[in-house]
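Chemist: Got a predicted structure here, sequence first:
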Amino acid sequence: MAKKKVLVVGGTGYIGKRIVRASLAQADHITTYVLQRREMGSDIDKVQLLFSFKKQGARLIEASFSDHNSLVDAVKQVDVVICTMSGGHPGHPGSLLLQLKLVEAIKEAGNIKRFIPSEFGTDPSRMGHALEPGRVIFDDKMVVRRAIEDAKIPFTYVTANCFAGYFAANLSQMETFLPPKEKVTIHGDGNVKVVYVDEDDIALYTIKTIDDPRTLNKTLHIRPPENILSQRELVEKWEKLLGKELEKISISQEDLLTSMKGLDRFGQAVAGHLYHFFYEGCLTNFQIGEEGEEASELYPDVKYIRMDEYLKLYL
């Protein structure tokens, strides 16, 4: 069987670099390509990372989002495109809508067997009610989805819920990515279930979808059952590792929403996301329907990282 040719766009980013590594690890049946954007030349860290991938066997394809023909030429060299371009951060959206240029290139090239656009977080199709200003990221993702489907491009959407580095390592606190060792803020009663996923596991599950007919034109929901936890359950895991109980300070839904008024745009967006996750329960208050599949059920061979194991890194 011929190797799949996979192009990663945004391969030096937070999730992108993990997807490149997961793809390179499957070198027996995947040839990994990484888009080398001409605009990247002024960022030394990204340049060095890109060429470290080349040393590991990746092939670099130079192209620019300001040059349609270069994108078409890049796409024509591969079978699968995975885009991991950053959406910036809540309240300060980045380049998600640049993917519309990529959609046009894929449509013109006409050879792509699967396109995985840049999502990897909360399912945007369920977030039309999201609070401003964080809602813009979900809205932009839906614009891209509609363009993909209108162009009849084969796709898989990957929703991975809460990145562990952003929401588990800090016990779901604002303004830090480190776990507290004395006191912790509990959202509401702390018993709403959310889903925490290690970022390397997100990459591995994503690579597994690329030629799986079960995920074609569907959404892959990454919801590992042992990582469906309440905030209190996550805190308990940390307390057990730490060997002490933390002081717990609860913040009500009303107080969280009131506090948003005094925050900058970024802070407002983060608080809005916390509201949807930990008060509304948007990550777990629905059943996966016929349009989706659950990753750990499809790929039981993946030994995903449990959160107690994940948190050991921070001791």
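Modeler: Thanks, I have it. Keep in mind that this is a model prediction, so the values were computed, not measured.

Chemist: Would you point out which residue is most central in the protein?
Modeler: By Cα atoms, centre = their mean, the chain has its centre lying nearest to F120, at 2.6 Å.

Chemist: hang on, that residue is in a helix, isn't it?
Modeler: No - the assignment for F120 is coil, going by DSSP: H, G, I helix; E, B strand; the rest coil, so no helix is present there.

Chemist: Break down the stretch 51-200 of the chain into its strands, ranges please.
Modeler: Along the stretch 51-200 of the chain, the segments classed as strands by DSSP state E, counting those that start in this stretch run 59-63, 80-83, 88-89, 92-93, 114-116, 156-159, 162-163, 183-187, 193-197.

Chemist: a markdown table please, covering the ones you listed and showing mean pLDDT.
Modeler: Formatted as a markdown table, the entries for these read as follows, by pLDDT from 0 to 100:
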| stretch | mean pLDDT |
| --- | --- |
| strand 59-63 | 97 |
| strand 80-83 | 98 |
| strand 88-89 | 52 |
| strand 92-93 | 42 |
| strand 114-116 | 98 |
| strand 156-159 | 98 |
| strand 162-163 | 97 |
| strand 183-187 | 98 |
| strand 193-197 | 98 |
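
Chemist: closest one to K208 among those?
Modeler: Of all these, the one in closest proximity to K208, counting by Cβ to Cβ, is strand 156-159 (10.3 Å). Yep, even glycine has a C-beta here, placed from its N, CA and C like the rest.

Chemist: I'd like the strands of the stretch 51-200 of the chain as a markdown table, with mean neighbour count appended.
Modeler: Rendered in a markdown table, the data for the strands of the stretch 51-200 of the chain read as follows (neighbours: other Cβ atoms under 10 Å):
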| stretch | mean neighbour count |
| --- | --- |
| strand 59-63 | 16 |
| strand 80-83 | 26 |
| strand 88-89 | 14 |
| strand 92-93 | 16 |
| strand 114-116 | 23 |
| strand 156-159 | 25 |
| strand 162-163 | 20 |
| strand 183-187 | 18 |
| strand 193-197 | 23 |
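
Chemist: least trustworthy helix or strand in the chain by mean pLDDT?
Modeler: The helix or strand with the lowest mean pLDDT-type score in the chain, counting by mean pLDDT, DSSP states H and E, is strand 92-93 (a mean of 42).

Chemist: for the nearest residue to L216 once chain neighbours are set aside, what are its contacts?
Modeler: For L216, the nearest residue in space outside its immediate sequence neighbours is P154; the separation is 6.0 Å by Cβ to Cβ, 6 or more residues apart in numbering. If you count contacts by Cβ atoms under 8 Å, 6 or more residues apart in numbering, P154 has them with I112, K113, R114, F115, L216, N217.

Chemist: so what's the third one bridging to?
Modeler: Put plainly, it is R114. With DSSP bridges as the criterion, the beta-bridge partners of R114 are V80.

Chemist: For this structure, which segments count as helices?
Modeler: For the chain, helices defined by DSSP state H occupy the ranges 16-24, 44-55, 68-75, 99-109, 135-150, 164-167, 199-208, 231-242, 253-259, 265-275, 295-298, 307-311.
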